[in-house]
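Trainee: got a sequence here, can you model it:
(chains A and B)
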Amino acid sequence: MPDRRPNPDAFLARVKEQEARRARGKLKVFFGAAAGVGKTYAMLEAARAQRAAGVEVVAGVIETHRRAETEALLEGFEILPRRRVEYRGTTLEEFDLDVALARHPALMLVDEIAHTNAPESRHAKRWQDVIELLDAGIDVYTTLNVQHLESLNDLVAKITGVVVRETVPDSVLEQADEVELVDLPAEDLRRRLKEGKVYVAHQAAEAVEHFFREGNLNALRELALRHTAERVDAKMQRYRREHAIDTVWPVAERVLVCIGPSPASARLVRAGRRLAAQLEAPWVVAYVETAARRSLGEEDRARIAETLRLAESLGAETVTLTGTRMSDEILAYARSRNVSKIVIGKPTRGFWQRVFLGSIVDTLVRGSGEIDIYVISGDGTPAPTPRTRTRPRAGRPLAYAAAIAAVLSSTALAWLMFPSFELSNIVMVYLLGVVIVAMRFGRAASALASVLSVAAFDFFFVPPYYTFAVSDSQYLITFAVMFVVALVISGLTVRTRDQAEAARTQERRTAALFSLSRELAAAREIAPLLEAAVRHLIEVFGGRIVILLPDATGRLEQRAGQLAPFNMDASDLAVAQWAFEHRAAAGAGTDNVPGAQMRFEPLTSSRGVVGVVGMRPAEPRAFDAPEQAHLLETFVSQVAVAVDRALLDEEAQTAQVRVEAERVRNALLSAVSHDLRTPLTAITGAASAALEGETRIDAVTRRELLESIRDEAERLNRLVNNLLDVTRLESGSLQLRREWIPVEELVGVALARLAKPLSERKVTTRLPEDLPPVHVDGLLVEQVFINLLENATKHTPAGQPIDVDARREGNEVVVEIADRGPGLPAGEEQKIFDKFYGVGGGGGAGLGLTICRAIVEAHGGRIGGQNRPGGGALLRFSLPAGEPPRPPESAGG
Amino acid sequence: MAEARPDPCVVVVEDEPQIRRFLRAALAGQGFRVHEAGTGADGLVEVASRQPDVVILDLGLPDMDGLDLIRKVREWSAVPVIVLSARGQEADKVAALDAGADDYLSKPFGVGELMARMRVALRHRARVSDGALESAFSFGELHVDLAVRRVTVGGAQVHLTPIEYRLLAVLVHHAGKVITHRQLLGEVWGPNATEQAHYLRVYMAHLRRKLEADAARPRYLLTEAGVGYRLAAE
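Mentor: Modelled structure (predicted):
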């Protein structure tokens, strides 16, 4: 029995999608076949019902076109003020997105989603405004006619003969949570039209009449109905999948659409999109750049770029392939991506071309194996042949002049050779000339050279001389072969040259990409990584580049790159922020805020957007060419992955530090609890012994017990003090209260405090008379003395002497505290000051020396240890010293 | 008036019952009549109604700042106040002493220390109520005769500069009691010099070299870390 449950990945994807939807606003589209079917009316009615149910509804944009019944319905709704835009002398009233976002109602009514915004608006299209409203969590009701739907746009144009320019990507309708079809029989609609109840903007009455023919309307209704039905079907399928009703899982399909420079390619893209939508399959639109296509004119290249953009807007992945044979590239790519269906246009090569060069479709079908090939017809416009290329090589007249010059040179050389060489060698001289022209000046010039060569050969060297007449008909064959050979050679030469050029371009891109990725991989830290990325981006794309990363609050800030002499002002930053938050390119040359000065590309990695690259290209249309745009995309995604990796590294390091801190804290806790328990155990034991043995123990024993209680309590007290000091020192809140204090006073306090533990030892202090006062926090430095002295008593047997020495060294006073004990373990003279040195050896937390180091270093001094000659340990530390302001001897009087 | 009573009376203002318990046991064992208060407000009432000879006051009371209590008591009474405070709160101790407290003890402390402070406090109270100022001081080898300005250590006369002498004289007046840097500076150099603690330290060092056998282990001129100095009196 097959597994009935969806696979985990699919399930996760669905959960994510639902998550995203929950936070997003809901979109309801009132969908109709044509203007006048009553979409706005239906929307307002639905909105009234919502309002009656207590939902906060605001009318963002409503086009009533002054229809009384619609206006009556609009009554009572809060209507957002419009934004006024001056454009070419007229005032346009536009939907004000910012006001709408600020108002933030539960439900916003936005009529006519296909509307094109006035220039300088944030978005070029109103549907983009709607997406932003949804992203902000606002529910939206909107209206849409079938002719505005991107994928149906061409069909509608075919049916009605009217080309609609305002289109909405299908993905918008697909995102809709609900689509309500507003339908009206064709005759009713025509009646409404006659009654003047249908508003049709800027169209001549004739065109309107043409558009609203009954046949057209029925076709449009059918389109709308079918589209809605398909949507329902897709929804049904999704439901079935979500609830694991269908045990047969759709085979993973992938559609590949191959486009060319022909205007018919847009049709191919739309057809591919419909096919992919029906299959619910991802789809890829590929453009194969062959050597021949490299020499396409500007117009064709622009069309290809436009077709690829169209494909992207329809939700396709786009790719540009480079190769010599189109069919090979397509098949290789299709296999690498597991494509199941290939969509390609009908062949445009003429019969003879097909005979000699083969048809791409034939080759594809032969080599496709299990892949289905769909051949879609063009729309009758003849595809421009590669011969119509307009890009001149070295200037056309120059090329032709060169061709003529080459033929003249060949003729001159041939003239010299003529007396002593066969005619076949003369032909070779001409062929050489053609090859040279082909190498340097391209196809047209070499064709001219071929013709001229044959003519010159005939004129000068074929009897009768100095006429184009030919006496021997054999020569006709010579001419024909010479001509064909010249053409073929020149063709091959041109192609070889173009391929070499293509290879070089590819090589350059690959090299640039390679050096980028190598440098990105080498940089571990975020700052050098960003610098490297900026440097490479500037190298390849020119202009000025910055990289912005979000701070802790999600606000972008510039982290690398330079814009000077320009500045990024608040509006640029706002565009960058928009790109970051909406994960879409924004600014100049994009669909979002195209009026901006800069272009911002989000750095998108698997974890989401990690930052934004800002560009101020050297020329405004720098990224219009598809290969530049793709190269940019590749670069940006490389940078995104690297930045993401570096950020992850940083996070991992932080986590590592946290783990380390946690480990230290645990070690401290266990050591401290050991240290606390030891004296507590002694106190508890001694106290209970004294209490319970009250009558039996003698006075001496009792006294011993009580003394032990007191001593242990004092030890406990010192430990608690140390713990408090550590806390204070580590919290970073420590403020030194420096005063000028004589060293002997500090030593005196420490010796007084340790009077009891030191009572059985000889402590020798050697403090020179002229020892300057130290500038320190007295309480803290006393603690250093206390801890060092205590350390000496702890590590040496009772009765052993301790020496305290101090002397001046430059601007410091150096203090040494030395004992005659076992000394320090070799090699660990500095480690004894480390936190928890000796932890685990049963020695307790060992905080005393750590505190000493922290205090001494906080004063700008040094602390260290060494073994004494003759045995014992010597701990030494330095403190800043000097001359305090002189006290006035005569003060007071 | 205080002498007329058979047993000296002490009021303990302390919120921790276990500390009150130990103080009660220790003080009663030494012949004090002990009255307790757990809050500052109760403490004020006790001090006013019992007219004690000494007040022991914990600075960390739940209901009011110990400093406020000292100031209120000082408005109408010169009773010696000994404050209890944790180590590390030297600033609080200094503030309490400058506000009128007589001495302090750092927690934890032993009964021996407590009794020494009590004795000094009682002695000063008796002297203040007698109106008699000490004219001579003697402890160990050190003798100071304020009447003739003569200082000897082990019988040998010591020559002091005028400021050193004035410093020593102030300490003698408060013998046994802690004196804050501020109080000492004010009495020796005048009210404008109260922030110049390093003057004090320099002269204290001079004084120690002249009076002490080992300046690093003073017997007479004791340092109260972070607070001030004390002339040992017993």
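
Trainee: residues of chain B that sit close to chain A?
Mentor: B:87-88, B:90, B:108, B:110, B:161, B:163, B:166, B:188-190, B:193, B:196-199, B:201-205, B:208-209, B:214-218, B:222-223, B:225-226 (C-beta under 8 Å from any C-beta of the partner chain). C-beta: built from backbone N, CA, C; applies to glycine.

Trainee: let's see it at 7 Å
Mentor: Within chain B, the positions lying close to chain A (C-beta under 7 Å from any C-beta of the partner chain) are B:87-88, B:90, B:108, B:161, B:163, B:166, B:188-190, B:193, B:197-199, B:201-203, B:205, B:215-218, B:223, B:225-226.

Trainee: are any of the residues you listed buried, and if so which?
Mentor: B:87, B:90, B:108, B:163, B:166, B:188-189, B:193, B:197-199, B:201-203, B:205, B:215-218, B:223, B:225-226 (16 or more other C-beta atoms under 10 Å in any protein chain shown).

Trainee: out of those, which sit inside helices?
Mentor: Among these, DSSP state H puts B:90, B:163, B:166, B:188-189, B:197-199, B:201-203, B:205 in helices.

Trainee: can you redo those residues as TSV with pLDDT?
Mentor: Formatted as TSV, these follow (pLDDT from 0 to 100):
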residue	pLDDT
B:Glu90	82
B:Ile163	90
B:Arg166	92
B:Val188	89
B:Trp189	87
B:Ala197	82
B:His198	82
B:Tyr199	83
B:Arg201	89
B:Val202	87
B:Tyr203	90
B:Ala205	90
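
Trainee: tell me the one among these nearest to B:Ala78.
Mentor: B:Val188 (23.0 Å; C-beta to C-beta).

Trainee: just give me the residue right at the centre of chain A.
Mentor: Centroid-nearest residue in chain A, with C-alpha atoms, centre = their mean: A:Leu603, separated by 1.4 Å.

Trainee: enumerate every residue touching it.
Mentor: Contacts for A:Leu603 were tallied using C-beta atoms under 7 Å, 6 or more residues apart in numbering or on different chains; they are A:609-613, A:636, A:639-640, A:643.

Trainee: could you redo the last one with a cut-off of 6 Å?
Mentor: A:610-611, A:640, A:643 (C-beta atoms under 6 Å, 6 or more residues apart in numbering or on different chains).

Trainee: run through the bridge partners of it.
Mentor: For A:Leu603, the beta-bridge partners under DSSP bridges are A:Gly611.

Trainee: which stretches of chain B form helices?
Mentor: With DSSP H as the criterion, chain B has helices spanning B:17-29, B:40-50, B:66-76, B:90-98, B:111-130, B:162-173, B:181-189, B:197-211.

Trainee: quick one: low-confidence ranges for chain B?
Mentor: Of all residues in chain B, those with pLDDT under 70 make up the ranges B:1-6, B:87-88, B:130-134.

Trainee: let's see 50
Mentor: B:1-3 (pLDDT under 50).

Trainee: hmm, what's the outermost residue in it?
Mentor: In chain B, B:Ala156 marks the outermost C-alpha relative to the chain mean, sitting 29.2 Å out by C-alpha atoms, centre = their mean.

Trainee: and the residue in the stretch 401-550 of chain A that chain B sits nearest to, how far from A:Arg645?
Mentor: The nearest approach of the stretch 401-550 of chain A to chain B comes at A:Glu525, 41.4 Å away (C-beta to the nearest C-beta). Here A:Glu525 is placed at a distance of 11 Å from A:Arg645 (C-beta to C-beta, to the nearest Å).

Trainee: who has more neighbours out of those two?
Mentor: Neighbour count, other C-beta atoms under 10 Å in any protein chain shown: between A:Glu525 and A:Arg645, A:Arg645 has more, with 18 against 11.

Trainee: ok so the more buried one is a helix residue?
Mentor: Yes. Counting by DSSP: H, G, I helix; E, B strand; the rest coil, A:Arg645 is found in a helix.

Trainee: any bit of stretch A:750-770 sitting next to chain B?
Mentor: Yes. Counting by C-beta under 6 Å from any C-beta of the partner chain, chain B has neighbours in stretch A:750-770: A:751, A:765, A:767.

Trainee: need phi/psi at the first one.
Mentor: I take that to be A:Leu751. phi -60, psi -40 (degrees, to the nearest 10).

Trainee: that older thread, ok, the residues of stretch A:750-770 next to chain B vs chain B, which is closest?
Mentor: A:Thr765 (4.4 Å).

Trainee: show the subsequent helix or strand relative to whichever strand or helix holds that closest one.
Mentor: A:Thr765 is part of strand A:763-766 when elements are defined by DSSP states H and E. Downstream of strand A:763-766, the first helix or strand assigned by DSSP H and E is strand A:774-777.

Trainee: what packs against that following strand?
Mentor: Strand A:774-777 sits against strand A:738-741, strand A:873-880, with contacts defined as 3 or more C-beta pairs under 6 Å, 6 or more residues apart in numbering or on different chains; DSSP states H and E.

Trainee: worst mean pLDDT among these?
Mentor: For the helices and strands packed on strand A:774-777, the bottom mean pLDDT is recorded on strand A:738-741, which sits at a mean of 88.

Trainee: and chain B, is it touching that?
Mentor: Yes. Counting by C-beta under 6 Å from any C-beta, chain B has neighbours in strand A:738-741: A:739-741.

Trainee: can you add distance to A:Gln558 and neighbour count and give those residues back as CSV?
Mentor: Shown next, in CSV, are the residues of strand A:738-741 next to chain B (distance: C-beta to C-beta, whole Å; neighbours: other C-beta atoms under 10 Å in any protein chain shown):
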residue, distance to A:Gln558, neighbour count
A:Glu739, 46, 17
A:Trp740, 48, 22
A:Ile741, 50, 25
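
Trainee: dump those to a markdown table, plus distance to A:Gly260.
Mentor: A markdown table is the format used below for the residues of strand A:738-741 next to chain B (distance: C-beta to C-beta, whole Å):
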| residue | distance to A:Gly260 |
| --- | --- |
| A:Glu739 | 87 |
| A:Trp740 | 89 |
| A:Ile741 | 90 |
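
Trainee: nearest to chain B, of those residues?
Mentor: Closest to chain B, out of all of these and judged by C-beta to the nearest C-beta, is A:Trp740, at 3.8 Å.

Trainee: tell me where the stretch 301-450 of chain A is predicted with low confidence.
Mentor: Using pLDDT under 50, the stretch 301-450 of chain A drops low at A:379-394.

Trainee: my read: A:Leu73 touches A:Ala46, true?
Mentor: No. Using C-beta atoms under 6 Å, A:Leu73 makes no contact with A:Ala46, being 10.4 Å away.

Trainee: spit out the contact partners of residue 146.
Mentor: Reading this off chain A. A:33, A:152, A:220, A:223-224.

Trainee: if you could check chain B rather than the one you did, that'd help
Mentor: Per C-beta under 6 Å, 6+ apart, neighbours of B:Leu146: B:135, B:169.

Trainee: recalculate using a threshold of 7 Å.
Mentor: Here B:Leu146 is in contact with B:135-136, B:169, B:172 (C-beta under 7 Å, 6+ apart).

Trainee: what parts of chain A come near chain B?
Mentor: A:713, A:717, A:721, A:724, A:739-742, A:744-745, A:747-749, A:751, A:765, A:767, A:773, A:778-779, A:782, A:884, A:887, A:889, A:891-892.

Trainee: buried subset of those residues as a PyMOL selection?
Mentor: Selection of buried members from these for PyMOL, criterion 16+ other C-beta under 10 Å:
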select buried, chain A and resi 721+739+740+741+742+744+745+747+748+749+751+765+767+773+778+779+782+884+887
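
Trainee: can you give me the helices in the stretch 401-550 of chain A?
Mentor: For the stretch 401-550 of chain A, the helices defined by DSSP state H, counting those that start in this stretch occupy A:423-461, A:474-522, A:526-541.

Trainee: against which helices or strands is the first one packed?
Mentor: Packing partners of helix A:423-461 (3 or more C-beta pairs under 7 Å, 6 or more residues apart in numbering or on different chains; DSSP states H and E): helix A:396-417, helix A:474-522.

Trainee: okay, these in CSV with mean neighbour count next?
Mentor: As requested, those are exported to CSV (neighbours: other C-beta atoms under 10 Å in any protein chain shown):
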stretch, mean neighbour count
helix A:396-417, 17
helix A:474-522, 15
